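**Q** predicted model, plus sequence, below.
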Amino acid sequence: MKFAHSPLFEPVLWEGSGFKILDETLVPERIEYIPVSEISQALEAVREMRTRAFGQVLTFLYSGALVAQHYDGKEAEPLREKIEEMTRQFCDARPTFDFEGLGSVFSGGLSALPAGAKAGDWIATRAREFAAQIVKARQARAKRAAAIMPRAARVLTHCNVSGELVAVAQYCREMGKEISVIATETRPYLQGTRLTAWEISNAGVPVSLIPDCAVAEVMAKGEVNAVIVGSDRCAQNGDIINKVGTYPLALMAKEYGVPFYALVQDPGPLMRGGDVTIEERPVSELLTFQGQPLISDGEDQLVGRYPAFDVTPSSLVTRLIGFDDLFTPETFRERYLKSPLAADKHTKEPGEKYLLVYGLPKKDDYSFLMHALKAEQAGRILVPEMRPELWGARVVARELLLRHLPITLISDNMMGTLFAHGQIQKLYLFYSGLAESGASGICGSLLAVRLARAHGIPIELLESESGKDSSIDSDVSTFLGQKVIPPGVAVYRLEKEVIPWALLKA
């Protein structure tokens with residue numbers, strides 16, 4: 001069966017004496033490619049996230065091929081030095097991604113240089129051949145993933161896996177399986193909306209969008225029977241490093257008994273996920289959207305954080321789907337972990353201490369929060385955006401800034417990693433109603449409570465503001481009033497979330 005690939009499946013293409021990069025920041029409105037004839041152009045595309053995930057792999061390999069084909073020398077060592085310098089530049093651009101490990105393609109190729117061969121030609125050819133092998137291996141990995149999907153798969157995914165989920169869906173159909181997808185919108189770049197939902201819909205697969213904070217709710221309703229994500233890196237012990245928001249997704253899958261699958265690669269020398277450097281992106285990428293500020297008053301005083309990745313421990317992973325095999329975390333360790341894990345020496349003192357506010361406080365409660373900061377010995381109030389209406393960014397943050405309280409704004413998918421790092425002291429949950437079944441709140445309330453409970457963080461319930469300011473967004477079809485949903489994509493119908501009393505006891 002011949003498949004029609006998404007353009008994201010092979011987002012970087014070698015052409016003639018150079019290559020071109022699909023500008024993913026323009027998708028789905030436009031399909032445009034960035035021509036690359038110099039390494040600086042490739043680095044800029046990576047740094048500005050115009051290409052990401054598998055696109056970074058191809059960009060790096062083809063950049064090495066470009067360096068090699070411009071090399072006229074006969075000796076291998078000067079070329080090795082040029083490629084090592086290029087590798088350092090890529091590592092500086094995106095420090096979490098394993099460009100150094102990819103560099104072994106070049107170092108190994110130079111070590112195997114045949115006598116009399118021109119080093120530049122040899123390496124350029126090896127790099128392009130290796131890129132082609134990975135494209136083929138991704139096809140096999142997608143088929144392996146499809147084989148373990150349920151007969152009627154209801155898949156939840158996060159961010160974007162560079163066209164591979166389309167291939168999984170196509171293989172599912174070939175195997176006689178039904179498949180539908182729920183995609184998180186994936187703030188702050190909205191890769192889930194702009195890339196995943198778009199390409200899945202174009203492939204004729206039913207797809208609906210949810211805010212990042214709704215992952216607990218859709219699983220609690222039984223809407224999901226499999227989770228599939230990618231991994232920008234994985235470790236020998238089975239930990240995965242992926243787009244921020246992956247960890248809470250895995251944690252919720254464990255809570256609700258949903259299998260969690262990760263598409264992985266060779267881990268290289270990385271022994272555990274905690275050993276990797278997590279990239280902090282410029283906060284301006286969080287605080288603005290297509291040039292428009294999240295809040296119009298006091299944005300110059302607004303502090304935010306944007307950790308681009310989080311670490312999901314192997315204990316939350318059901319299967320790791322590799323290029324050549326399917327693994328449990330145990331069999332993955334047997335395959336790759338060559339020596340016992342020593343005690344983790346990377347344990348650090350937690351950074352800033354936060355009080356997490358979720359929901360809409362009453363006017364009088366803002367002064368209470370100021371006193372709570374002192375009582376809990378915390379430094380700042382942590383405010384998620386609270387999609388889809390953006391109550392956190394547009395209302396709560398504004399009210400706190402008016403009172404000169406120290407706040408930090410995050411996107412909803414960043415709550416999990418700050419809980420995991422021990423930086424959240426307490427959750428203040430503002431509920432909108434109480435019933436025999438539990439407390440109800442806005443979208444994301446259940447996730448916030450589940451995260452607090454999983455990390456042993458105390459929760460204080462407070463009644464929320466009854467009258468809400470009018471919001472320019474009512475669902476994930478818009479962001480700051482701008483339409484973002486691609487044609488053919490459904491909006492998952494959100495309801496007021498109920499937190500069972502069992503989760504609120506103690």
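**A** Yes, it's here.

**Q** burial count for residue 454?
**A** By other CB atoms under 10 Å, the residues close to residue 454 number 16. Yep, even glycine has a C-beta here, placed from its N, CA and C like the rest.

**Q** for it, which non-adjacent residue is closest in space?
**A** Distance criterion CB to CB, 6 or more residues apart in numbering; nearest residue to residue 454, sequence neighbours excluded, is residue 251 at 5.8 Å.

**Q** how about residue 376?
**A** Per CB to CB, 6+ apart, closest to residue 376 is residue 425, 5.0 Å.

**Q** quick check: that neighbour is in a strand.
**A** Yes. Checked against DSSP: H, G, I helix; E, B strand; the rest coil, residue 425 lies within a strand.

**Q** report the buried residues of the lengthiest helix in the chain.
**A** Looking across the chain with DSSP state H, the single longest helix is helix 119-147. Within helix 119-147, the residues scored as buried using 16 or more other CB atoms under 10 Å are 119-120, 122-124, 126-128, 130-131, 134, 138-139, 141-146.

**Q** residues touching residue 14, list them.
**A** Residues near residue 14 by CB atoms under 8 Å, 6 or more residues apart in numbering: 62, 65, 128, 131.

**Q** what about 10 Å?
**A** By CB atoms under 10 Å, 6 or more residues apart in numbering, residue 14 lies in contact with 20, 36, 58, 61, 62, 65, 66, 124, 127, 128, 131, 132.

**Q** so who does the most centrally placed residue in the chain touch?
**A** Most central in the chain under CA atoms, centre = their mean is residue 243, positioned 1.9 Å from the mean C-alpha point. The contact partners of residue 243, by CB under 10 Å, 6+ apart, come to 52-53, 158-161, 184, 186, 189, 191-192, 229-232, 249, 308-310, 413.

**Q** so what's the residue of the chain positioned farthest from its centre up against?
**A** Here the centre of the chain is the reference, and by CA atoms, centre = their mean the most remote residue is residue 116, at 45.8 Å. Going by CB under 10 Å, 6+ apart, residue 116 touches residue 74.

**Q** wasn't it part of a helix?
**A** No. Going by three-state DSSP, the assignment for residue 116 is coil, not a helix.

**Q** what's the separation between it and residue 122?
**A** 10 Å (CB to CB, to the nearest Å).

**Q** equivalent analysis for residue 331, please.
**A** In this view, residue 331 and residue 122 are 36 Å apart by CB to CB.

**Q** circling back: from the contacts of residue 243, which land in helices?
**A** Reading helices off the contacts of residue 243 with DSSP H, I get 191, 249.

**Q** narrow the contacts of residue 243 to those in strands?
**A** If you go by DSSP state E, the contacts of residue 243 have 184, 229, 309, 310 in strands.

**Q** can you count the residues close to the first one?
**A** As a burial measure, residue 184 scores 32 neighbours (other CB under 10 Å).

**Q** tell me what it is bridged to.
**A** Taking DSSP bridges as the rule, residue 184 bridges to residue 210.

**Q** re the thing from before, gap between the residue nearest to residue 454 and residue 260?
**A** Residue 251 is 9 Å from residue 260, by CB to CB.

**Q** identify the contacts common to the two.
**A** 312, 316.

**Q** wait, residue 172 touches residue 149, no?
**A** Yes. Taking contacts as CB atoms under 10 Å, residue 172 lies within contact range of residue 149: 5.6 Å.

**Q** between the two, what contacts are shared?
**A** Residues touching both residue 172 and residue 149 by CB under 10 Å, 6+ apart: 155, 178, 179.

**Q** pairing partners for the last one in the sheet, please.
**A** When you say that, I think you mean residue 179. residue 153.

**Q** was I right about it contacting residue 157?
**A** No. Judged on CB under 10 Å, residue 179 makes no contact with residue 157 at a distance of 11.2 Å.

**Q** which residues do the two both contact?
**A** Common neighbours of residue 179 and residue 157 (CB under 10 Å, 6+ apart) are 165, 168, 200, 207, 226.

**Q** could you export the contacts of residue 14 as TSV, including pLDDT and distance to residue 320?
**A** TSV is the format used below for the contacts of residue 14 (pLDDT from 0 to 100; distance: CB to CB, whole Å):
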residue	pLDDT	distance to residue 320
20	98	32
36	97	32
58	98	22
61	98	23
62	98	27
65	97	30
66	97	33
124	95	32
127	96	26
128	96	28
131	97	23
132	97	24
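
**Q** in the stretch 301-450 of the chain, what residue spans correspond to strands?
**A** Using DSSP state E, counting those that start in this stretch, the strands of the stretch 301-450 of the chain run over 303-304, 309-312, 319-321, 326-327, 354-358, 380-384, 407-410, 424-431, 433-435, 438-441.

**Q** skip the chain neighbours and tell me the closest residue to residue 392.
**A** Using CB to CB, 6+ apart, the closest residue to residue 392 is residue 386 (3.7 Å).

**Q** what about that neighbour, distance to residue 84?
**A** 45 Å.

**Q** do the same with residue 313
**A** Residue 313 sits 33 Å away from residue 84, going by CB to CB.

**Q** give me the more crowded residue out of the two.
**A** Neighbour comparison, residue 313 and residue 84: the larger count goes to residue 313, with 19 against 14 (by other CB under 10 Å).

**Q** what's the more buried one in contact with, if anything?
**A** Residue 313 neighbours (CB under 10 Å, 6+ apart): 235, 237-240, 247, 250-251, 272-274, 329, 420.

**Q** related to what we said a few turns ago, now, of the shared contacts of residue 172 and residue 149, which are buried?
**A** Applying 16+ other CB under 10 Å to the shared contacts of residue 172 and residue 149 flags 155, 179 as buried.

**Q** wait, a strand at residue 105?
**A** No. Judged by three-state DSSP, residue 105 forms no part of a strand; its state is helix.

**Q** how close does residue 113 sit to residue 80?
**A** Where residue 80 is concerned, residue 113 sits at a distance of 10 Å (CB to CB).

**Q** what sits in contact with each of the two?
**A** 119, 123.

**Q** I'd say residue 268 and residue 104 touch.
**A** Yes. Using CB under 10 Å, residue 268 is in contact with residue 104, at 7.7 Å.
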